[in-house]
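In: Give me coordinates for this.
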Amino acid sequence: MATERVALKDEEGLLREETTLTDGLMDGETVIYQRGRLQARIQYSQGKRNGEALFYDNLGQVMTKVTYQDDKLHGE
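Out: From the prediction side, this is the model:
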């Protein structure tokens, strides 16, 4: 099982996404940025969204919280 942490940057060199890949699939927390600002934290398991996903406003406050199960919205 090969695991690596990947960081992607935009054309201006600002961090766009940080994720962990296990055997080429997203696994664990993925953090998404827009213009260097935190936009989302999403949990993945074997390439599918699983668990809590948090979406942030421009001030860095949690705007929306949802839960995924097997890559589909779950619950409320």
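In: element containing the residue most central in space within the chain, please.
Out: The chain has Thr30 as the residue nearest its centroid, 2.7 Å off, counting by C-alpha atoms, centre = their mean. Assigned by DSSP states H and E, Thr30 belongs to strand 28-34.
In: Which strands and helices lie in contact with that strand?
Out: strand 15-22, strand 37-45 (3 or more C-beta pairs under 8 Å, 6 or more residues apart in numbering; DSSP states H and E). Every C-beta, even on glycine, is put in place using the N, C-alpha and C of the backbone.
In: Pull out the buried positions in the last one.
Out: Neighbour counts over strand 37-45 (16 or more other C-beta atoms under 10 Å) mark 38-45 as buried.
In: what helices or strands is the helix or strand that it is followed by leaning on?
Out: Per DSSP H and E, strand 37-45 leads on to strand 48-56 as the next helix or strand towards the C-terminus. Helices and strands touching strand 48-56, by 3+ C-beta pairs under 8 Å, 6+ apart, are strand 37-45, strand 62-69.
In: Need the ones you listed in CSV (columns: mean pLDDT and distance to Gly75).
Out: Output for those, formatted as CSV (pLDDT from 0 to 100; distance: least, C-beta to C-beta, whole Å):
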stretch, mean pLDDT, distance to Gly75
strand 37-45, 97, 14
strand 62-69, 97, 5
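In: nearest to Asp23, of the ones you listed?
Out: Of all those, the one in closest proximity to Asp23, counting by C-beta to C-beta, is strand 37-45 (12.3 Å).
In: No further questions, thank you.
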